[in-house]
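# Sequence and predicted model, in that order:
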Number of protein chains: 2
Amino acid sequence: MVKKATSLFSVDVIKPDLTGRPAHMRIGERIRAAISSGALALNARVPSSRTLARDLGVARNTVDEALSQLVADGLIVRRRGAGSFVSDRPPRPAVPPAAPRIDAKRASAGARISNRAKALHCYPGHYQPSRAIPFTPSLPPSEFFPRKAWKRLVSREVSRPGTDYWEYGASNGLPALREAIAGHATAMRGTRASADQVIVTTSTQQAVELSAKVLADPGDFCWVETPGYQPVQHVLRSAGLDVVQVPVDEQGLDVEAGRTLQAHARLAYVTPSHQYPMGYEMSLTRRHALLSWARAEDAYIVEDDYDGDYRYEGRPITSLQDMGGDRVIYVGSFNKILFPGLRVAYALVPEPLVGAFVDAKHAADGHTALLSQGVLAAFISEGHLAHHLRTTRDIYNERRLAFLEEAQGLRGLMEFGPATAGMHVTGLFKDARIVDRAVAAACAARGVVVDPLSKYGAIDRGGLVFGFAGASRDRTGECLEIVRRAITGWKA
Amino acid sequence: MVKKATSLFSVDVIKPDLTGRPAHMRIGERIRAAISSGALALNARVPSSRTLARDLGVARNTVDEALSQLVADGLIVRRRGAGSFVSDRPPRPAVPPAAPRIDAKRASAGARISNRAKALHCYPGHYQPSRAIPFTPSLPPSEFFPRKAWKRLVSREVSRPGTDYWEYGASNGLPALREAIAGHATAMRGTRASADQVIVTTSTQQAVELSAKVLADPGDFCWVETPGYQPVQHVLRSAGLDVVQVPVDEQGLDVEAGRTLQAHARLAYVTPSHQYPMGYEMSLTRRHALLSWARAEDAYIVEDDYDGDYRYEGRPITSLQDMGGDRVIYVGSFNKILFPGLRVAYALVPEPLVGAFVDAKHAADGHTALLSQGVLAAFISEGHLAHHLRTTRDIYNERRLAFLEEAQGLRGLMEFGPATAGMHVTGLFKDARIVDRAVAAACAARGVVVDPLSKYGAIDRGGLVFGFAGASRDRTGECLEIVRRAITGWKA
């Protein structure tokens, strides 16, 4: 059935300024902003690209390129025989990043690449090392890491005779490291898993990919949180899974909504102790509901406890792994709490799945680098990790309190989510017309990095994700002032 | 129950000569040889390390180090309260043995796993470190690696101020390493690729998986060689590809057969410079035919040059990358030529595909560990790699010649393939009834590891894959004698 356009598509609201990035990107962004702000109504008919090109004074293929991207993102739909329309459904959250330097399709310049490769977004960051500056989310500030102790352990371990670091290693990881990890996770998060259930990986990404491969076949469904952590969605898609965007509210992932969208998923990826990016804790009721769903559907849950080591107020919530270990793959990473260059993370897997995970890890890359594993095992078992966590917990808490105090000045403009744990806090704009990407870009131009919330999926209102751990007490005020000015200076 | 020693442990048969490598290695090797040859009986009691040290005229901790290794390898067992004995069971295999110990389906004990996970074979080797012993294929003997130089570089690089090793790195790899790799590959194999075309990975496996994801979608076809390298087939399948077994003859992969089986493959995985495991070189005609096929089908070729650095006779063949770089992903690994615990390999990719590969690597695990990359970059650019390759090329060639000479005694039983390059040679049984897995098991029971050819795919005749680089000149004869006896003693 062909739907009728319910309103006009006004070219005026999308006329881009002619400075800066390629015209098709600017046009795309203006259309996107006009849709988010309501300036272009849902179901409005999009004029032909010929008409648009003429009205905007640009080449027709520039308009085509912009529109294709919007179609790919689900913001515009093409209806056979009727033309193009602003989508009346929430867009697929495959929102392009703030400032892509190379878009994978263009980069491949005529060379054929797979559909799954096209679906991977290309961030300029892929080509550059990145550092924690205020307020980069998910990057630990590097100055507190005890490099001296680490260096001493590296020099000691590389010279220690009789180690296995030079041969092929076991695919599940060095026994000493698996012991240390099982102990750490139990102490910090009350997980119930022995060293035999630990699979050492290079990253959270790899742990999630192994879960996808072991527990789902191409075409199977996987629930993810929306808004949610995008890199994990990329890896799930590249493993051939069909990603189902399940909304998140103050209680965490909405299990009932998930059932309605696609009950027969094989996997659900969640961040229950501190939802990324909203910061919510998954309620006990929801955690039980999620586990019941998994049991009923013979599905599994990937619990990403990416910052479970940092809690400042209240009791840590019980991990899903502790509540229903037979249904849960618990994932933790040392790249975020020690230093990102390390590349060691892990999964705790239900006992009956250990063999299959070991096989998958073996197929993927044999095993994780051995010297890093040995050094990390010593770092944990000799008490350096516990000491580092105590120190940084105090520092991050101080920064958190400074942030919350200074952020008072933003309360007229934003509503902040919970800030009781982790290393970031998310704020939503009170004015739904504000385009968060534009604000983030204005901040970046002044040396302050915040993530626009729209980067994390389809949302009603824009917002910003602040990595408070990355800004020292004395810089927090000035940085937040830059953010305040970027918001108030924002014009549609 | 404490077993009784059934014979004496004679020190005379293990007295090492006192030249050359560290004493503990020589002592270990002599004990190993004495066990293989039967000079030390199974279940013989091992004297105390104090006694052995005195009788051999070496320090006690030298003996301890040698014994620990033998215990780790399963050749000597310690029985509580009774002492140490020569094991009366076959040593734990150092490589994936013929028969899978755990089948993934059984291992998952009722838990649901995906079809692709079921298709991954589970070898006990996944759970254990493995070492090069005669004749383990694809494992570099560890004693020639210049550990001192490596350790010095590790200690230097970990302490060097101003490095990026502590932050997130670029997904394609450290610039210094990419430069070094591009230079090395051009010098050794005549590849034509700049540092911008290098993608640093953890392993050949990962490089192949990235190729599969970037260039093919689930359900797409990929040609592989049969017989061929199985781990790569596992990773292709786990990426959702449909693997097409294309036969190999003396000219390498049979392109015409591939066309007949499934012309519309998206990818072909080949080992043109030294087919694994048969050792054939791909003929120039076939290389041209493969490239024409790829161009006609808009397909890509993954060229795995796993031992292209070792050539003893004749000129190295031109790499496919050099012949048709726009269609070829060239893959090389440092895990096989330096040490397996390292986990650094690479792909050289056509320029238009760089962006898509970087995205795929970013999605898979962010980037490869940075300190390892930095140390390797220094190791290459400061000339250690070239020196190591020169040294080992001489040693492996010596071992190769010793092997070929001693293997004369097997020529009534086997036909050997080419042995002009690499680290292994393959022999086919003249008697097609012989079951290679049974022969390999009999060899393993006597401490000699050979791969049964049937492990590499469907074949008309059984055979054995010998890693000649793993056996010293003076051990080659005795080890081949064990193989000879295993073949002649074979019964259906």
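Here it is on my side, so go on. If you're wondering where the values come from, they're calculated on a predicted model, not measured in any experiment.

# roughly how far is stretch A:471-482 from the heart of the chain?
How far stretch A:471-482 lies from its chain's middle: 24 Å, per CA atoms, centre = their mean, to the nearest Å.

# To clarify, my last question referred to stretch A:375-391.
For stretch A:375-391 - counting by CA atoms, centre = their mean - the centre lies 26 Å from the chain centre.

# Now do the buried residues in it.
For stretch A:375-391, the neighbour count (16 or more other CB atoms under 10 Å in any protein chain shown) marks A:375-380, A:384-385, A:388-389 as buried. Bear in mind the C-beta positions are built from the backbone N, C-alpha and C, glycine included.

# okay if I get those as CSV plus secondary structure, pLDDT and distance to chain B?
CSV is the format used below for these (DSSP: H, G, I helix; E, B strand; the rest coil; pLDDT from 0 to 100; distance: CB to the nearest CB, whole Å):
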residue, secondary structure, pLDDT, distance to chain B
A:Val375, helix, 98, 9
A:Leu376, helix, 98, 11
A:Ala377, helix, 97, 14
A:Ala378, helix, 97, 14
A:Phe379, helix, 97, 13
A:Ile380, helix, 96, 17
A:His384, helix, 97, 15
A:Leu385, helix, 96, 16
A:His388, helix, 97, 14
A:Leu389, helix, 96, 17
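
# Save those as a markdown table, and put in distance to B:Asp242 too.
Formatted as a markdown table, the buried residues of stretch A:375-391 follow (distance: CB to CB, whole Å):
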| residue | distance to B:Asp242 |
| --- | --- |
| A:Val375 | 41 |
| A:Leu376 | 39 |
| A:Ala377 | 40 |
| A:Ala378 | 45 |
| A:Phe379 | 44 |
| A:Ile380 | 43 |
| A:His384 | 48 |
| A:Leu385 | 44 |
| A:His388 | 47 |
| A:Leu389 | 47 |
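
# Secondary structure element for the residue in the stretch 301-450 of chain A positioned nearest to chain B, which one?
In the stretch 301-450 of chain A, the residue that lies nearest chain B is A:Gly355 (2.7 Å; CB to the nearest CB). Element membership of A:Gly355 [criterion: DSSP states H and E] is helix A:354-365.

# how big is the angle separating that helix from helix B:354-365?
160 degrees (axes from the mean of the first three to the mean of the last three CA atoms, to 10 degrees).

# quick one: helix A:354-365 to chain centroid distance?
Counting by CA atoms, centre = their mean, helix A:354-365 comes out at 25 Å from the chain centroid.

# helices or strands up against that helix?
Applying 3 or more CB pairs under 8 Å, 6 or more residues apart in numbering or on different chains; DSSP states H and E, we find helix A:354-365 packed against strand A:198-201, helix A:204-215, helix B:104-107, helix B:115-118, helix B:204-215, helix B:230-238.

# which one is the residue most central in space within chain A nearest to, not counting chain neighbours?
By CA atoms, centre = their mean, the mean C-alpha position of chain A lies nearest to A:Tyr229, the distance being 2.1 Å. Sequence neighbours aside, A:Tyr276 is the residue nearest to A:Tyr229 in space, at 4.7 Å (criterion: CB to CB, 6 or more residues apart in numbering or on different chains).

# Tell me who's in contact with the one you found.
Each residue near A:Tyr276 by CB atoms under 8 Å, 6 or more residues apart in numbering or on different chains is listed here: A:225, A:228-229, A:304, A:306, A:456.

# now with 7 Å?
A:228-229, A:306 (CB atoms under 7 Å, 6 or more residues apart in numbering or on different chains).

# Would you map the strands across the stretch 101-250 of chain A?
Secondary structure of the stretch 101-250 of chain A (DSSP state E, counting those that start in this stretch): strands located at A:198-201, A:221-226, A:242-249.

# Pull up the pairing partners for the first one, direction included.
To tie it back to what came earlier, the one meant is strand A:198-201. Paired with strand A:198-201 in the same sheet, following DSSP bridges, are strand A:345-348 (antiparallel).

# Same question for the second one.
Neighbouring strands of strand A:221-226 in its sheet, by DSSP bridges, are strand A:242-249 (parallel), strand A:267-270 (parallel).

# neighbouring contacts of the longest one?
By that I understand strand A:242-249. Identification of contacts with strand A:242-249 by CB under 7 Å, 6+ apart yields A:93, A:219-227, A:233, A:236-237, A:253-254, A:257-258, A:261-262, A:265, A:275, A:278, A:280, A:457-458.

# which element follows it toward the C-terminus?
That would be, after strand A:242-249 and using DSSP H and E, strand A:252-253.

# So which elements touch the first helix or strand past that following strand going along the chain?
Next along the chain after strand A:252-253, taking DSSP H and E as the criterion, comes helix A:255-262. Judged by 3 or more CB pairs under 7 Å, 6 or more residues apart in numbering or on different chains; DSSP states H and E, the packing partners of helix A:255-262 are strand A:242-249, helix A:284-297.

# okay, those in TSV with mean neighbour count and mean pLDDT next?
Shown next, in TSV, are the helices and strands packed on helix A:255-262 (neighbours: other CB atoms under 10 Å in any protein chain shown; pLDDT from 0 to 100):
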stretch	mean neighbour count	mean pLDDT
strand A:242-249	20	96
helix A:284-297	17	96
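
# now these as JSON lines including distance to A:Pro137?
Listed next are the helices and strands packed on helix A:255-262 as JSON lines, based on distance: least, CB to CB, whole Å:
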{"stretch": "strand A:242-249", "distance to A:Pro137": "17"}
{"stretch": "helix A:284-297", "distance to A:Pro137": "24"}
